[in-house]
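> model the structure of this input:
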Amino acid sequence: MSRSLKTTRNLSQIAEKKLVGKAHSSANKTDNAEDIPSAVQLNTTTIFGQPVPSKPADNITTTLWDVTGNVQKVQFDVVEIGLTRYDADASTEAGGDDSPQSNGPHGWALVMTSDYETSSSGKHSKVGTAPYENSTKVYETLGALQLVPTNMYLNASDPANNPYTPKIYTWDGSNNSSKSATPLTISDHLDWFVDAYAGTVFFQEYDGRVPYKVEAYIYIGDMAATTGGAGAFTDLSDTPNNYSGAASKFVKVNSGGNGIEFATVTIPSAINDLSNVNTGTPSNDQVLVYNSSSSEWVAGNQGNSETVSGFSTLRAPHSSTTKEITVTVVSKDSSHRYNGTGSGSGYALDGVQSPFLTLTPGRTYRFLQSDGSNSGHPLRFYYDAAKTTQYTTGVTTSGVAGNSGAYVDIAVTDATPTVLHYQCTAHGYMGNSIQLNARNLTGFALKDLPDVHTASPTNGQALIWDDSNSYWKPGNIDAGGIERYTYERTGSSAAAGTDITISGLDFNGATPTTADTKVFLNGQLLQGGTTSQLSSNEVDYAFSSDTQIKFGFILEVGDHVAIYYITTSFSTGKDILLHTEDTSFDQGRVLTAGDGITISTATPRQMIINNSGLLQRTKENFVVSGFTSAVCNSGVSPNTFKHTITFAGSYNFGTAGVNYSDNRIDLFVNGALKEKDFHYKLQTDSTGASLSATQFEWIDTSNQLQSTDRITIIIF
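Coordinates of the predicted model:
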């Protein structure tokens, strides 16, 4: 009958065959008939040279193909070993008192699966090199590939639960549905053995079931020959045979080179015990300095660790090798430049908290961010510590910070800015500055100035000061200027008083005045006012809203309207940036205060144009019918007329104390500028008599003023 315990005779066969260096594949074979080698140990090339997990605390993986320490869990295919088919109950020589059973196979060899390398990819460094290759038969490696034997694991509280016990799965060979999903256990009525060295499986009984796969652990570490177990004193012919007095001595090759001997060595207890060192009594922070006069190393002052002195040149030889710098993230301490500013975390480069770096042109530097502490802290380069503008030229990145293989490269060239800053994209002030010793002024542009950030300027923009960021940036000039709007009447005429919308016109709630707004019709200046003045025919036009204008007359098809609106005043100070390439300005010319222009000392970028010293301007409008009755000047022929004007303001043609000369007075009739001494006279009339400060004489006798004519007087 089949049995759950191994027979004494079978155990004896396996032990006897192993002692003589053979594997047990058949109870019907003598040791001479077995052709597969086995051994307890052969030599250092087959002895494990590194430890394997040996106790529960080692947490040996149970996942197929995974690795724990120097062992890997794998699956083997099985191949029947030749000449192992027999009937185990046919005779006592073939098993003795086994129950009746058929003739069948009893021995199988373990073979690495055909996809071992694919399944084990990345699991350990030896995958793909012999013997860790697809379809390798274990016993053919002569011990280079071995299963981990069960005697290398001990669990005193549960000795039967040994992970190194191979798991054998069986079937009846008919079809896949007969394959067992669970391995054999010691309770199965099969007398079986696995030879860990030879990689063979033996079944004493054959009941129709045979193995189709085996799961076991293989050793993937180095053998003793590699780790130092090969070679011994006997490699030399002469070895000491007397160990008397050899304590605390060491072994050395003798002077003849043909043997070894014991010798004594004196180990110095202090650095000063060395023959060429004479420290004397060193003081704190001193270093060993070589004294060529005495040929000794002596204690001396070399400055502190933050000082480099006494050199004539500093040399950085070129290298095409990428310089690697290991980056980790730590909590800031007092050694960090920005401790107390920004993030509480900072970068450490090769263990030093965010040092100031000096990089060499022509080299590439790689900042390694594989360490897990870098997660969420990608390092990049910027023009300033506040990270306003990122520097990307010559910068390449790979992977995600905090993951294996992540890094940031920067290639330093002659065009790299002199100073950059390495900082975290997500958090403030984690890094420090970099000096690159690269940039000269060749190719230097406006954007390279530290307080200028041009970004992507568009045509017509100007540099405008940004107080919040303290730099100049491109922007549209909207602080003031002259806005021009045009309109041409098409289609049909517009009746007087019609609201006309002009494209783009929008005073944004401001109230346009005749001082800051000029309206021209077909090139002739018009007189503006309020809508009530327009209704009473006192003015030519009025603005009915921020976006509409109406006229006091019919606007005919083809009429062209132009509106000029002055939107700024410099009396409160405006930020400007002065630049000119005009050759008329030489180095001797500067902008100074005076003539109504001052430069703000508190804010040097501001130029203030004030009223002091500038010309004042008064503009008044009249209708001839509103003048004091004209006085005929009969002293000339043909007769001229003197007109007296009642000025609304404090200025007139000759205000005392102001001393305006008459060449600063313009007189318009119905929007047309008139010429002094041709159309009119001031100060003196045609006979030489004086005119008052409120009088002018009209001398154009061919075009006498009419009662409906509108007069505009501008006094500068």
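> only C-alpha atoms from now on, for both contacts and neighbour counts.
Fine.
> flag the shaky bits of the stretch 101-250 of the chain, pLDDT-wise.
189, 228-248 (pLDDT under 70).
> mind checking how far residue 399 is from residue 317?
30 Å (CA to CA, to the nearest Å).
> what's the answer for residue 562, then?
70 Å.
> when the two are compared, which one has more neighbours?
With neighbours defined as other CA atoms under 10 Å, residue 562 and residue 317 compare such that residue 562 has more, 18 against 6.
> that one: helix or strand, and which one exactly?
Under the criterion of DSSP states H and E, residue 562 resides in strand 560-566.
> now swap in residue 420 and tell me
Per DSSP H and E: strand 419-424 holds residue 420.
> ok, back up a step: the strand holding residue 562 pairs with which strands, and in what direction?
strand 482-488 (antiparallel), strand 517-521 (antiparallel) (DSSP bridges).
> what is the mean pLDDT for that strand?
Average pLDDT, strand 560-566: 84.
> mind listing what's buried in it?
560, 561, 562, 563, 565, 566 (16 or more other CA atoms under 10 Å).
> helices along this structure, start to end?
8-19, 116-119, 224-227, 531-535 (DSSP state H).
> output the longest one as PDB, restricted to C-alpha atoms.
Backbone C-alpha positions of helix 8-19 (Å, rounded to 0.1, in the frame of the first residue of the first chain) are rendered in PDB as follows:
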ATOM      1  CA  THR A   8      13.800   3.700   6.000                       C
ATOM      2  CA  ARG A   9      15.200   1.900   3.000                       C
ATOM      3  CA  ASN A  10      14.400   4.800   0.700                       C
ATOM      4  CA  LEU A  11      16.100   7.300   3.100                       C
ATOM      5  CA  SER A  12      19.100   5.100   3.300                       C
ATOM      6  CA  GLN A  13      19.300   5.000  -0.500                       C
ATOM      7  CA  ILE A  14      19.200   8.800  -0.800                       C
ATOM      8  CA  ALA A  15      21.800   9.200   2.000                       C
ATOM      9  CA  GLU A  16      24.100   6.600   0.600                       C
ATOM     10  CA  LYS A  17      24.000   8.000  -3.000                       C
ATOM     11  CA  LYS A  18      24.500  11.600  -1.800                       C
ATOM     12  CA  LEU A  19      27.600  10.500   0.200                       C
END
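> packing partners of it?
Helices and strands touching helix 8-19, as assessed by 3 or more CA pairs under 8 Å, 6 or more residues apart in numbering; DSSP states H and E, are absent.
> how distant is it from the center of its chain?
68 Å (CA atoms, centre = their mean, to the nearest Å).
> going by neighbour count, list what's buried in it.
In helix 8-19, counting by 16+ other CA under 10 Å, buried: 10, 13, 14, 16, 17, 18.
> from those, which is closest to residue 517?
residue 18 (115.2 Å; CA to CA).
> am I right that the closest one is in contact with residue 25?
No - using CA atoms under 8 Å as the test, residue 18 is too far from residue 25 to be in contact (11.2 Å).
> hey, where'd the strands end up in the stretch 201-350 of the chain?
210-219, 250-253, 260-263, 277-278, 287-291, 296-300, 323-331, 345-349 (DSSP state E, counting those that start in this stretch).
> turn the ones you listed into CSV, columns for distance to residue 553 and mean neighbour count.
Conversion of these to CSV gives the following (distance: least, CA to CA, whole Å; neighbours: other CA atoms under 10 Å):
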stretch, distance to residue 553, mean neighbour count
strand 210-219, 106, 22
strand 250-253, 123, 13
strand 260-263, 126, 17
strand 277-278, 111, 18
strand 287-291, 99, 15
strand 296-300, 101, 18
strand 323-331, 78, 18
strand 345-349, 75, 23
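> is it possible to get a markdown table of these that adds distance to residue 635?
Below are those laid out as a markdown table (distance: least, CA to CA, whole Å):
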| stretch | distance to residue 635 |
| --- | --- |
| strand 210-219 | 135 |
| strand 250-253 | 142 |
| strand 260-263 | 144 |
| strand 277-278 | 124 |
| strand 287-291 | 113 |
| strand 296-300 | 113 |
| strand 323-331 | 101 |
| strand 345-349 | 97 |
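> which one of these lies closest to residue 392?
That would be strand 323-331 among the strands of the stretch 201-350 of the chain, by CA to CA, at 18.8 Å.
> now do the closest one: which elements does it pack against?
So strand 323-331, by 3+ CA pairs under 8 Å, 6+ apart, packs with strand 345-349, strand 364-368.
> among these, which comes closest to residue 137?
strand 364-368 (42.5 Å).
> ok, and what's touching that closest one?
320-327, 405-412 (CA atoms under 8 Å, 6 or more residues apart in numbering).
> what strands flank it, and is each parallel or antiparallel?
Counting by DSSP bridges, strand 364-368 is paired with strand 323-331 (parallel), strand 407-411 (antiparallel).
> among the buried residues of strand 560-566, which two are most distant?
560 and 566 (20.1 Å).
> circling back: tabulate the buried residues of helix 8-19 (CSV), appending pLDDT and distance to residue 259.
Converted to CSV, those look like this (pLDDT from 0 to 100; distance: CA to CA, whole Å):
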residue, pLDDT, distance to residue 259
10, 72, 49
13, 78, 45
14, 79, 43
16, 76, 41
17, 76, 40
18, 75, 38
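> among those, which one sits closest to residue 676?
The nearest one, if we look at those relative to residue 676 and count by CA to CA, is residue 18, at 135.8 Å.
> quick check: residue 551 vs residue 539, distance?
9 Å.
> between these two, which one's more packed in?
residue 551 (25 against 22).
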